[in-house]
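Asks: Predicted model and sequence below, questions to follow.
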Amino acid sequence: MNAAYRQLFIFQQLLSGLVVHKQDLVKRFNVNARVIQRDFSQIRQFIDDQQLFYQMQYKRGLNGYVLETDQDSISKQSILVIIKTLLASRSLTSKEMKTTVNGLLNLVTPEEQHEIRPIIQNESFYYLPVHHDQPLLRTIWQFSQFIIKKQAIQITYQRQRGEYKTYIILPESVIFSEYYFYIIAFNPHGKGNRFFRADRIKDYHQVNKKITQNYADRFEDGKLRQQIQYMQPGQTITLLFEFSGIVEAALDRFPNSVVKKRDSVRHCVLIEAKTYDTGAKMWLLSQGNLVNVLKPTKLRDEIRADLHAMLQKYDD
């Protein structure tokens with residue numbers, strides 16, 4: 001083995017976060033300690049010449065050399081939290097989620113990856129994206145660039161009932177909330193900002209139209225974040241209900257739900273889902289007369305009692 005190969009091997013070991021021991025290298029390459037010490041000096045010189053964000057340090061407690069950096073880095077704990085948050089969001093297609101998770105794992109050492117992978121293995125295996133199945137990474141990045149440039153955009157948008165409509169918008173913010181990414185756009189007609197689900201934007205391109213807004217009209221996504229609160233545990237139940245609203249919205253709310261029957265006369269579907277009763281009841285009540293709970297009987301009775309109590313408040 002020549003000197004170049006030895007030095008590349010040592011540097012690769014250091015970059016992988018390993019502790020490099022001089023005597024181990026002496027035995028591996030069958031050279032004396034002075035040769036390995038010269039290799040260390042050459043590596044230090046290379047780091048200095050290339051102005052890399054590393055320092056090769058001898059750690060007495062480890063009895064070996066490590067590579068330290070003065071550049072900000074991300075910890076394995078942060079990577080774990082980010083990955084678990086992404087998986088829980090269900091916001092990306094399976095392919096985009098796999099690519100994103102692998103990219104995040106590559107930010108830490110192989111040893112740290114081995115620590116993280118068993119923790120996320122089960123969630124990754126059972127990952128279920130929301131039903132729209134639309135790739136979003138490129139769209140989100142592109143609209144973020146439009147926002148920075150204050151660029152007006154023409155979009156073709158699929159509305160709730162499936163019809164398509166064209167809009168010219170000035171994107172202001174990209175927001176994630178409750179499974180979906182939204183493009184918040186300035187409304188020059190003064191009727192509040194417009195919200196577009198990113199997965200329903202079927203086509204977009206820049207237009208040579210100037211849309212201006214006053215400083216007072218700017219959208220503050222931080223304030224919106226303060227209003228997003230929705231998560232309640234409870235008892236596991238098998239829920240059966242009729243729904244006459246947007247089917248996708250109900251299916252996405254309950255990830256493992258299935259449509260058991262479609263009634264074209266009454267314009268509703270019968271949905272079955274395994275879920276938690278408390279959070280399910282909150283959502284079901286929010287749907288008004290679009291929903292009719294059939295089972296379990298206990299939950300149906302609770303909802304009936306809540307509706308009577310609500311009506312009583314208004315009667316008083």
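Replies: Alright, I've got the coordinates.

Asks: any idea where the strands of this protein begin and end?
Replies: According to DSSP state E, the chain carries its strands in the segments 54-59, 64-69, 153-158, 164-177, 180-186, 194-197, 201-206, 236-243, 258-263, 268-276, 291-295.

Asks: what's the closest of those to residue 108?
Replies: Closest to residue 108 of the strands of the chain is strand 64-69 (C-beta to C-beta; 12.9 Å). For glycine as for every other residue, the C-beta is placed from the backbone atoms N, C-alpha and C.

Asks: Can you list the neighbours in contact with that closest one?
Replies: 14-15, 17-22, 40, 53-59 (C-beta atoms under 8 Å, 6 or more residues apart in numbering).

Asks: please redo it, this time with the cut-off set to 6 Å
Replies: For strand 64-69, the surrounding residues in contact (C-beta atoms under 6 Å, 6 or more residues apart in numbering) are 14, 19-21, 53-59.

Asks: same deal with stretch 157-169?
Replies: With C-beta under 6 Å, 6+ apart as the test, stretch 157-169 has contacts from 153-156, 185, 196, 200-202, 207, 246.

Asks: could you dump those residues to JSON lines with pLDDT?
Replies: Formatted as JSON lines, the contacts of stretch 157-169 follow (pLDDT from 0 to 100):
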{"residue": "153", "pLDDT": "93"}
{"residue": "154", "pLDDT": "93"}
{"residue": "155", "pLDDT": "93"}
{"residue": "156", "pLDDT": "94"}
{"residue": "185", "pLDDT": "89"}
{"residue": "196", "pLDDT": "91"}
{"residue": "200", "pLDDT": "93"}
{"residue": "201", "pLDDT": "94"}
{"residue": "202", "pLDDT": "92"}
{"residue": "207", "pLDDT": "89"}
{"residue": "246", "pLDDT": "87"}
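
Asks: in the sheet, who's paired with residue 54?
Replies: residue 69 (DSSP bridges).

Asks: Report the contact partners of it.
Replies: With contacts defined as C-beta under 6 Å, 6+ apart, the neighbours of residue 54 are 47, 67, 69.

Asks: how distant is the lengthiest helix in the chain from the center of its chain?
Replies: The helix that spans the most residues within the chain, counting by DSSP state H, is helix 297-315. How far helix 297-315 lies from its chain's middle: 37 Å, per C-alpha atoms, centre = their mean, to the nearest Å.

Asks: Return the list of helices and strands in contact with it.
Replies: Under the contact criterion of 3 or more C-beta pairs under 6 Å, 6 or more residues apart in numbering; DSSP states H and E, helix 297-315 touches strand 291-295.

Asks: Number of residues surrounding the residue lying closest to residue 262 once chain neighbours are set aside?
Replies: In this structure, residue 262 finds its nearest non-sequential neighbour in residue 269, 5.1 Å apart by C-beta to C-beta, 6 or more residues apart in numbering. For residue 269, the number of neighbouring residues by other C-beta atoms under 10 Å comes to 19.
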